[in-house]
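Peer 1: here's my sequence, what's the structure:
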Amino acid sequence: MFGLSTVLMLYGGPAFFKKIESDQTNIITVNELLELKLNHVFNGEDYMQFSIIIKSNDTLIKNYYLPEKKYIAIEDFLTKNQHIKNKALLKYLPIVINKTELEDYQDIKYRLKKNSIEFLSINNQDIIGKKITNLKKTIYYLLGSIFSLTGLFGFLLSSMVFFDCIKIYRKTGVFPNLPNSIDSKVEGLKYTFRWFKSGKIN
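Peer 2: Below you'll find the predicted structure:
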């Protein structure tokens, strides 16, 4: 119980808060694209690389395994902005869009993870990854609070049980027998609700 409570309190709850924090931090904004490119990589037809060159002349990349079809948002973006037709991205590879065709894209937000694009938004349209919605943020805050408070309560409860066992040991010279059974758990709950006071259980 100590172990489970500690994990919930120190790791379970904070894990949900970290999801929100990571979604809101480390996002970089630039206002110009020099090039956008898509082409096959790794000497085969199953992998595609998406890359953009931003104003600082840094190249940002994201590799895709095509059978997983996780490139759909890019395909939708290129179709919407009339760079390709009929959402047939793979038929147009390789694709190279130069600076003159990218002048209207002036709101570029991105976040990297291990030198790969984890999140990319162009003109408020998500191209790679998605920001957490307000509903999900609320759920994460709620779950994080529940896990943390449950862990804290469990830790305090197990501490109280532990010290109560110590008191019994000092009086009797032996620790109380706590068999791992359904009946003992039910009686343990009754014992807890009596605030650790002994009494006859009907």
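Peer 1: can we go C-alpha only for contacts and neighbour counts from here?
Peer 2: OK.
Peer 1: buried sites along whichever strand or helix holds Leu149?
Peer 2: Using DSSP states H and E, Leu149 falls within helix 134-172. Across helix 134-172, burial judged by 16 or more other Cα atoms under 10 Å covers 137, 140-141, 143-152, 154-155, 158, 164-166.
Peer 1: tell me if I am right that Val96 is in a strand.
Peer 2: Yes: looking at Val96 with DSSP: H, G, I helix; E, B strand; the rest coil, it is inside a strand.
Peer 1: that one touches Glu35, doesn't it?
Peer 2: Yes: at 7.3 Å, Val96 counts as touching Glu35 under the criterion of Cα atoms under 8 Å.
Peer 1: which residues touch the host helix or strand of Phe77?
Peer 2: For Phe77, the enclosing helix or strand under DSSP H and E is helix 72-80. With Cα atoms under 8 Å, 6 or more residues apart in numbering as the test, helix 72-80 has contacts from Ile84, Lys85, Asn86, Lys87, Ala88, Leu89, Gln125, Asp126, Ile127, Ile128.
Peer 1: mind checking the SS state of the second one?
Peer 2: Spelled out, that is Lys85. Following three-state DSSP, Lys85 is assigned to coil.
Peer 1: now it. Nearest residue, chain neighbours left out?
Peer 2: In this structure, Lys85 finds its nearest non-sequential neighbour in Thr79, 5.7 Å apart by Cα to Cα, 6 or more residues apart in numbering.
Peer 1: how about the fifth one?
Peer 2: Closest residue to Ala88 apart from its sequence neighbours, by Cα to Cα, 6+ apart: Glu75 at 7.5 Å.
Peer 1: now, of the contacts of helix 72-80, which are buried?
Peer 2: With neighbours counted by 16+ other Cα under 10 Å, the contacts of helix 72-80 contain buried members at Ile84, Lys87, Leu89, Gln125, Asp126, Ile127, Ile128.
Peer 1: what's opposite the fourth one in the beta bridge?
Peer 2: Each beta-bridge partner of Gln125 is listed here: Ile122, as defined by DSSP bridges.
Peer 1: where does the chain dip in pLDDT?
Peer 2: Residue ranges of the chain with pLDDT under 70: 21-25, 132-133, 177-202.
Peer 1: quickly note the distance from Ile166 to Tyr47.
Peer 2: With the distance defined as Cα to Cα, to the nearest Å, Ile166 ends up 63 Å from Tyr47.
Peer 1: thank you kindly, that will do.
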